[in-house]
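Trainee: Just to be clear, the model below is a prediction. Sequence and coordinates:
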Amino acid sequence: MEFSGEVVAGRFFTGIQGLQFAAPAALEGLAGLAGTSALDAAVYWMSAADPASLAGVGLEGLKGSLPSRLPTTHIVFRGSAPVLVSRRNGLDLDFRIPADDPMIPRCLEFVRVLTEREAAPLRSVHVETVNGEPAARSPYAPAMLAFGFVADYKRLTFRGGFSASP
């Protein structure tokens, strides 16, 4: 793939042993963002089990900041910082930003994708705890309700296709 120009080989990130590979467009995109606030403001998410995820890798500087590498765990990043960890397909959320952060709706977009994707969508996402306390009593509950979650007994529930737009 390197000879055909599909990937570029090199050492792009310190702390990762061995040869690293990147798509040329991805490398150009990262180079264009270097030193700008755009990279710090980017919000994106991934499964902790995704091959691109560093969850469970044990790199110095990441220990303790990323969850275990499980397919039911999702990590939302703002720039390079994990700002939300969803465990057990959303049953337990761990926000690492304040409850009044205006980026919370963007951080919750992964829930919409999980419930509305074409391949094996979840029927709903039930959140029982937020930062270790009951979701319905969490300081994050108002932002979650505004996003499209509904109060459902002691938890907050998001149902695909029936949510309000953020």
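Mentor: Looks like it arrived, so ask away. Numbering: from 1, shown residues only.
Trainee: hey, let's count contacts and neighbours off CA atoms from now on
Mentor: OK.
Trainee: remind me which residues of the protein are low pLDDT?
Mentor: For the chain, the stretches with pLDDT under 70 are 1, 12-18, 29-41, 58-64, 161-166.
Trainee: Please identify the pairing partners of whichever strand in it runs longest and their relative orientation?
Mentor: The single longest strand within the chain, with elements called by DSSP state E, is strand 81-87. Sheet pairing of strand 81-87 (DSSP bridges) gives strand 74-78 (antiparallel), strand 92-95 (antiparallel).
Trainee: Of those strands, which is nearest F158?
Mentor: strand 92-95 (13.3 Å; CA to CA).
Trainee: The strands paired with strand 81-87 into CSV, with extra columns for distance to E128 and mean neighbour count?
Mentor: Converted to CSV, the strands paired with strand 81-87 look like this (distance: least, CA to CA, whole Å; neighbours: other CA atoms under 10 Å):
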stretch, distance to E128, mean neighbour count
strand 74-78, 16, 23
strand 92-95, 6, 20
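Trainee: and those strands as CSV, adding distance to E6?
Mentor: Converted to CSV, the strands paired with strand 81-87 look like this (distance: least, CA to CA, whole Å):
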stretch, distance to E6
strand 74-78, 27
strand 92-95, 37
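Trainee: among those, which is nearest A119?
Mentor: Minimum separation from A119 across the strands paired with strand 81-87 (CA to CA) falls at strand 74-78, 16.9 Å.
Trainee: Which residue, other than its chain neighbours, is closest to the most centrally placed residue in the chain?
Mentor: Central residue of the chain (CA atoms, centre = their mean): V76, 2.0 Å from the mean position. The shortest distance from V76 to any non-neighbouring residue, by CA to CA, 6 or more residues apart in numbering, is to W45 (4.1 Å).
Trainee: Tally up the residues packed near that neighbour, please.
Mentor: 20 (other CA atoms under 10 Å).
Trainee: Assign a three-state SS to V111, would you?
Mentor: The local conformation at V111, judged by DSSP: H, G, I helix; E, B strand; the rest coil, is helix.
Trainee: Run a quick neighbour tally on the residue nearest to it when sequence neighbours are not counted.
Mentor: Leaving aside its sequence neighbours, V111 sits nearest to V125 (CA to CA, 6+ apart; 7.0 Å). V125 has 20 neighbouring residues, counting by other CA under 10 Å.
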